[in-house]
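A.B. asks: Got a predicted model here, sequence first, then my questions.
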Amino acid sequence: MAEKKRFVHNTDIGQNFLIDESLADFITERARLSGRDVVLEIGPGDGVLTRALLRTPLKRLYAIEVDERLRERLENIASHDGRCRPIFCDALRFDYESGLGERPSKIVANLPYHITTPLIWTFLERLAPRGMDYMLLMLQLEAAERVVSPACRRERSPLGITAEAMGSAAVLRKVPPAAFHPRPKVMSAVVEIKIEKNADIANDSTWRSLLARSFTQRRKTLCNNWCASCGMTRESALRILSRHSLKPTARAEELPLEKWFELAQEPAFVLKNSDNGERNVLES
Ligand SMILES: C[S@@+](CC[C@H](N)C(=O)[O-])C[C@H]1O[C@@H](n2cnc3c(N)ncnc32)[C@H](O)[C@@H]1O
């Protein structure tokens, strides 16, 4: 009898596969998929979540996996369900604008943890403006906290502020290492992100550069970060802070969302989108 080849997990690319099937069911039930939904899964692995997704009435499931060793398993799943389209490539390099036959409405995935942040930025930049309005993602707990943290929390981040500006983000459930094989060394969490407004904001170069410059060094004040990253004088930085009723000692993590919207209107921070993130900071 032919022996089934043992799969050696490559944890360098986040291959911690879900073994708690009830969690896969929790995720798919929560995503409330209908026959109109085109779903994108990143990193289907050996297909635990993929199979659970295919038990829902979704219209189509695109599943992007980088590891060719999983081709046979995933193509086998697809051969039993014509709605499933596995794609073998790096999800960070994929052409989301023209590489899929249809526009995804939702992303449901247990993400590879080593590329969580660039992947979520990619989804916000390239898929949110094209109608993707819901993500249900398994993340490392630490990354999840950066996405959902409100103002004044140490974990507050540019990505979390942008998710808040676009709608809402919440941790639905914390998940222990025992839910995966092999067990990761970290806790995980299921995060729900809803996109309800400002679908283009992640592509706004003023917004992105303002956040990047303000968070350059988390432990420093906004004033120091702006002086170092924008070539702004201390007087200019203090004038901007005062105009927005912010203390000279304010730090990026302390600001509520409305202050970021206000600051993005400041001429000193405004970039043309064609500047493509290049520095173009005027003195205030
Ligand atoms: C955490 S595992 C999730 C596997 C499966 N969905 C599950 O829940 O058991 C992450 C998966 O992402 C894949 N992966 C890692 N880097 C990737 C990339 N750049 N593009 C696409 N898939 C990637 C890994 O091979 C792995 O299958």
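C.D. replies: Sure, I can see it.

A.B. asks: Check the contact between Ala165 and Glu258; I expect there is one.
C.D. replies: No: Ala165 lies out of contact with Glu258 (Cβ atoms under 8 Å); the separation is 10.0 Å. No exception for glycine: its C-beta is placed from N, CA and C like everyone else's.

A.B. asks: Burial check on Ser22, number of neighbours?
C.D. replies: Counted with other Cβ atoms under 10 Å, the neighbours of Ser22 add up to 9.

A.B. asks: I figured Phe180 hits Leu18, correct?
C.D. replies: Yes: Phe180 is within contact range of Leu18, at 5.9 Å (criterion: Cβ under 8 Å).

A.B. asks: Quick one: residues contacting the residue most central in space within the chain.
C.D. replies: In the chain, the C-alpha nearest the mean C-alpha coordinate belongs to Ile120, at 2.0 Å (Cα atoms, centre = their mean). When contacts are counted by Cβ atoms under 8 Å, 6 or more residues apart in numbering, Ile120 touches 135, 137, 147, 159, 163, 193.

A.B. asks: for those, which one is nearest Gly82?
C.D. replies: Met135 (24.9 Å; Cβ to Cβ).

A.B. asks: Tell me if Asp90 really is in a helix.
C.D. replies: No: per DSSP: H, G, I helix; E, B strand; the rest coil, Asp90 lies outside any helix segment and is coil.

A.B. asks: got a pLDDT number for the nearest residue to it once chain neighbours are set aside?
C.D. replies: Excluding its sequence neighbours, the residue lying closest to Asp90 (Cβ to Cβ, 6 or more residues apart in numbering) is Val66, at 5.1 Å. In this model, Val66 is scored at 98, pLDDT.

A.B. asks: Give the burial count for Val66, as a bare number.
C.D. replies: Val66 has 21 neighbours, counted by other Cβ under 10 Å.

A.B. asks: Pro248 now?
C.D. replies: Close neighbours of Pro248, defined as other Cβ under 10 Å, add up to 12.

A.B. asks: and it, what is it in contact with?
C.D. replies: Taking Cβ under 8 Å, 6+ apart as the test, what Pro248 contacts is 221, 223, 238, 241-242.

A.B. asks: for Phe215, same thing?
C.D. replies: 157-158, 225, 252-253.

A.B. asks: Serialize these to a markdown table and add fields for secondary structure.
C.D. replies: Formatted as a markdown table, these follow (three-state DSSP):
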| residue | secondary structure |
| --- | --- |
| Ser157 | coil |
| Pro158 | helix |
| Asn225 | helix |
| Ala252 | helix |
| Glu253 | helix |
